[in-house]
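Chemist: Fold the following.
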Amino acid sequence: MGFARACSVALVGVDGVVVEVQADLEPGVATFALVGLPDKTLVESRDRVRAAVVNSGAAWPQKKLTVGLSPASVPKSGAGFDLAVAAAVLGAAEVVDPKTIADLVLIGELGLDGRVRPVRGILPAVLAAAEAGYRQVVVPQQCAAEAMLVPDVSVLGVRSLRQLIAVLTEGEVPEEDPPDPPGRPDPMLAGLVVLGAGLGTGVARDGDGRDVPDLADVAGQHAARRALEVAAAGGHHLFLSGPPGAGKTMLAERIPWILPPLTRQDSLEVTAVHSVAGILPPGEPLVARPPYCAPHHSATMQSLVGGGAGVARPGAVSLAHRGVLFLDEAAEFSSKALDALRQPLEAGHVVIARAAGVVRLPARFLMVLAANPCPCGRHTLHGTGCDCPASVVRRYQARLSGPLLDRVDLRVEVEPVTRSDLLGRGGRGEATALVAARVREARDRAAVRLDGTPWRLNAEVPGHELRTRWPAEPGALAQAERDLERGLLTARGLDRVLRVAWTVADLRSRDRPDALDVAVALELRTGIARGAAAHLDAAS
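Modeler: Have a look, this model is predicted:
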């Protein structure tokens with residue numbers, strides 16, 4: 001009889017659970033039983049592991065073999081357990097010393113020829129192993145850079161099972177052909193998230209010398225540009241309404257570049273989500289820029305918030321975590337899918353319950369909605385140029401529900417671009433770098449004020465805290481209170497006006513919002529021009 005154990009990691013959403021892989025050999029008919037709540041892919045590992053062991057030059061034990069995955073109550077899926085199962089079997093057969101693998105975490109898929117293939121979710125898996133106290137992990141060589149992002153963990157990248165056996169037996173490590181180039185991102189999701197390139201062309205450049213979209217390329221749209229700056233500085237959700245060709249998509253694509261780079265902790269969170277989703281770009285193990293996620297308007301509710309058969313996988317709201325979720329043609333999305341966004345907009349995470357378990361996924365993002373004002377797209381505030389009946393316009397605009405729009409802080413009417421702006425006679429707008437610098441300064445001011453609290457951005461602070469702990473100047477909220485009494489604002493809307501007012505004050509380097517800051521916030525919230533923006537420009 002022989003017994004050995006190794007460790008691997010089961011992923012539930014983006015959280016990992018260390019799994020002990022136990023192998024037991026007993027006299028009897030040569031069979032291979034795998035127990036411990038495996039899914040179909042994991043059950044098939046019996047054939048992959050057997051072929052990989054034999055083709056790696058080791059003898060397969062001709063005894064009754066039982067492999068158990070503990071804890072048995074945790075659902076286990078995927079081919080990432082192959083390497084740990086093979087190591088445990090070889091330990092039970094005494095091909096390798098069972099003591100050398102007892103505290104080793106092994107993650108990787110095995111090919112029939114013994115090659116070790118990359119799997120999804122390496123970063124969250126290694127993070128879970130480190131939190132559980134394990135300090136040695138073995139991963140596919142293609143994933144070693146991703147695993148090395150976790151501090152205080154020794155990472156061994158292997159190309160094949162033969163190499164692993166040689167390392168464990170202190171033999172000569174055989175030379176192996178270089179691994180296949182890292183696979184492309186999941187084709188189902190590859191076009192969904194842009195991590196730092198491909199958003200268009202412009203004259204601006206990032207820290208690596210790459211071209212990035214420049215706000216100076218946007219003709220006109222001074223009100224929308226101001227709203228973009230406020231949204232980026234405070235993390236406020238934004239709704240852009242206007243005719244086709246006015247620049248709504250151009251504006252949204254430039255928001256990630258005026259946001260500050262991700263902190264180290266945020267980078268690890270975002271990278272973990274993208275690793276689980278299988279969309280990390282080759283050669284870039286760490287996501288350093290805020291992600292930009294723009295699903296098509298035919299997206300289902302599950303693709304937006306997450307889901308799928310078995311254990312739920314991240315949706316668009318999680319792929320946009322700490323970045324931007326852009327819903328172009330928002331009125332064309334299904335109402336069911338749009339209303340599913342209401343909970344993550346408030347909570348900053350998604351909780352998905354399935355028969356296989358409950359998954360909690362991060363979803364703290366900046367949402368940008370863009371929509372035409374009517375089916376033909378030519379409806380304006382002045383009612384000119386549109387052939388749609390008034391009832392059709394009302395039905396079209398009602399596709400975005402009131403409860404959803406109540407959670408959107410900024411609403412801007414994007415007017416058609418004038419000939420003067422298009423020909424550049426009014427001069428180019430400010431470049432991305434200038435706006436990004438002001439956004440960073442405003443965020444730094446907010447960070448000092450919110451230090452020691454659970455909130456990081458003005459958009460996250462509860463309204464009662466703003467009214468009691470950080471009140472505006474006396475009398476500054478008079479107009480907002482009148483709008484509340486007239487029904488132009490809800491109670492949630494009043495709180496959001498105060499949040500935006502604080503962001504405007506941070507951009508103006510003021511210690512407290514005054515009446516002008518609140519007036520600008522009201523204009524951005526209600527879409528009703530009251531001249532506050534002009535006064536703000538004059539004051540600047």
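Chemist: Please look at Gly348 and Pro362 and confirm they touch.
Modeler: Yes. Here Gly348 reaches Pro362: they are 7.3 Å apart, a contact under C-beta atoms under 8 Å. Where you see a C-beta, it was placed from the backbone N, CA and C, and this is true even at glycine.
Chemist: Who has more neighbours out of those two?
Modeler: Pro362 (21 against 14; other C-beta atoms under 10 Å).
Chemist: Would you mind giving both backbone torsions of the more buried one?
Modeler: phi -70, psi 150 (degrees, to the nearest 10).
Chemist: That one: what's it in contact with?
Modeler: With contacts defined as C-beta atoms under 8 Å, 6 or more residues apart in numbering, the neighbours of Pro362 are Val14, Glu269, Val273, Ser318, His321, Gly348, His349.
Chemist: Confirm that Thr271 sits in a helix.
Modeler: Yes. Assessed with DSSP: H, G, I helix; E, B strand; the rest coil, Thr271 lies in a helix.
Chemist: out of everything not next to it in sequence, what's closest to it?
Modeler: The shortest distance from Thr271 to any non-neighbouring residue, by C-beta to C-beta, 6 or more residues apart in numbering, is to Val287 (4.8 Å).
Chemist: That neighbour: neighbouring residues, count only.
Modeler: Neighbours around Val287, by other C-beta under 10 Å: 27.
Chemist: Mark which of the contacts of Pro362 are buried, thanks.
Modeler: Val14, Glu269, Val273, Ser318, His321 (16 or more other C-beta atoms under 10 Å).
Chemist: Same list (these) but as CSV, adding distance to Val53 and pLDDT.
Modeler: Shown next, in CSV, are those (distance: C-beta to C-beta, whole Å; pLDDT from 0 to 100):
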residue, distance to Val53, pLDDT
Val14, 32, 89
Glu269, 37, 94
Val273, 34, 94
Ser318, 37, 95
His321, 40, 96
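Chemist: any idea which of these is closest to His222?
Modeler: Nearest to His222 out of the buried ones among the contacts of Pro362 is His321 (C-beta to C-beta; 30.8 Å).
Chemist: The closest one: what's it in contact with?
Modeler: Residues in contact with His321 (C-beta under 8 Å, 6+ apart) are Glu269, Val270, Val273, Pro291, Pro362, Ala363, Arg364, Phe365.
Chemist: Doesn't it lie inside a helix?
Modeler: No. Under three-state DSSP, His321 falls outside any helix and is assigned coil.
Chemist: Nearest spatial neighbour of it, chain-adjacent residues omitted?
Modeler: Using C-beta to C-beta, 6+ apart, the closest residue to His321 is Pro362 (4.7 Å).
Chemist: is that neighbour in a bridge, and if so with what?
Modeler: On the basis of DSSP bridges, Pro362 is bridged to His349.
Chemist: From Asp15, how far out is it?
Modeler: 10 Å (C-beta to C-beta, to the nearest Å).
Chemist: Show the pLDDT at Thr66.
Modeler: On the pLDDT scale, Thr66 is placed at 96.
Chemist: all helices of the stretch 351-500 of the chain, in order?
Modeler: Remark: helices assigned in the stretch 351-500 of the chain by DSSP state H, counting those that start in this stretch are 390-397, 402-405, 419-422, 432-449, 463-468, 478-485, 491-507.
Chemist: And the second one, what does it pack against?
Modeler: Think helix 402-405. Applying 3 or more C-beta pairs under 8 Å, 6 or more residues apart in numbering; DSSP states H and E, one finds that helix 402-405 contacts helix 335-339.
Chemist: buried set for the following helix or strand past the helix it packs on?
Modeler: Using DSSP states H and E, the helix or strand that follows helix 335-339 towards the C-terminus is helix 342-347. The neighbour-count check on helix 342-347 (16+ other C-beta under 10 Å) flags Pro344, Leu345 as buried.
Chemist: same deal with stretch 486-498?
Modeler: Judged by neighbour count (16+ other C-beta under 10 Å), stretch 486-498 contains these buried residues: Leu489, Gly493, Leu494, Asp495, Arg496, Val497, Leu498.
Chemist: Would you mind listing the residues in contact with the nearest residue to the last one once chain neighbours are set aside?
Modeler: So the one you mean is Leu498. Once flanking residues are discounted, Leu498 sits nearest to Leu466: 4.8 Å by C-beta to C-beta, 6+ apart. Contacts of Leu466 were listed using C-beta under 8 Å, 6+ apart, and they are Asp495, Leu498, Arg499, Trp502.
Chemist: do Pro124 as well
Modeler: Per C-beta under 8 Å, 6+ apart, neighbours of Pro124: Leu11, Val14, Asp15, Gly16, Ala272, Ser275, Val276.
Chemist: Columns secondary structure on top of these, output as JSON lines?
Modeler: Listed next are these as JSON lines, based on three-state DSSP:
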{"residue": "Leu11", "secondary structure": "strand"}
{"residue": "Val14", "secondary structure": "coil"}
{"residue": "Asp15", "secondary structure": "strand"}
{"residue": "Gly16", "secondary structure": "strand"}
{"residue": "Ala272", "secondary structure": "helix"}
{"residue": "Ser275", "secondary structure": "helix"}
{"residue": "Val276", "secondary structure": "helix"}
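Chemist: Could I have the ChimeraX command that selects the buried members from the residues you listed?
Modeler: A single ChimeraX command selects the buried members of the contacts of Pro124 (16+ other C-beta under 10 Å):
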select :11,14,15,16,272,275,276
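Chemist: Output the lowest mean pLDDT helix or strand found in the chain.
Modeler: strand 204-205 (a mean of 48; mean pLDDT, DSSP states H and E).
Chemist: residues contacting Gly429?
Modeler: Counted by C-beta under 8 Å, 6+ apart, Gly429 has contacts Leu215, Ala216, Val218, Ala219, Gly220, Gln221, His222, Arg225.
Chemist: Under a three-state scheme, what state does the fourth one occupy?
Modeler: Under three-state DSSP, Ala219 falls in the coil class.
Chemist: With the flanking residues excluded, which residue is spatially nearest to it?
Modeler: The shortest distance from Ala219 to any non-neighbouring residue, by C-beta to C-beta, 6+ apart, is to Asp421 (4.5 Å).
Chemist: Confirm for me that that neighbour is in contact with Gly220.
Modeler: Yes. Counting by C-beta under 8 Å, Gly220 is a contact partner of Asp421 at 3.3 Å.
Chemist: what's the helix or strand for Ser267?
Modeler: Residue-wise, Ser267 maps onto helix 264-277 under DSSP H and E.
Chemist: how far out from the middle of the chain is that helix?
Modeler: What separates the centre of helix 264-277 from the centre of its chain is 7 Å, taken as C-alpha atoms, centre = their mean, to the nearest Å.
Chemist: Give me the contacts around that helix.
Modeler: Contacts for helix 264-277 (C-beta under 8 Å, 6+ apart): 11, 13-14, 120-124, 127, 146, 149, 186, 189, 193, 195, 262, 280, 285-288, 291, 313-314, 318-319, 321-323, 361-362.
Chemist: Weed out the non-buried ones from those residues.
Modeler: By 16+ other C-beta under 10 Å, those give 11, 13-14, 120-124, 127, 146, 149, 189, 193, 195, 262, 280, 285-288, 291, 313-314, 318-319, 321-323, 361-362 as buried.
Chemist: Show me the residues you listed that map onto helices.
Modeler: Ile122, Leu123, Pro124, Leu127, Glu146, Ser318, Leu319 (DSSP state H).
Chemist: residue ranges with poor pLDDT in this protein?
Modeler: Where the chain drops to pLDDT under 70, the residues are 1, 179-211, 309-311, 356, 380-384, 424-427, 530-540.
Chemist: Can you report how many residues lie near Val212?
Modeler: Other residues within reach of Val212, judged by other C-beta under 10 Å, total 22.
Chemist: what residues does stretch 390-406 touch?
Modeler: For stretch 390-406, contacts defined as C-beta under 8 Å, 6+ apart pick out 239, 330-333, 335, 338-339, 341-342, 369, 371, 373-375, 379, 386, 388, 411, 490, 492-493.
Chemist: buried residues in it?
Modeler: Neighbour-count burial for stretch 390-406 flags Val393, Tyr396, Gln397, Leu400, Leu404, Asp406 (criterion: 16+ other C-beta under 10 Å).
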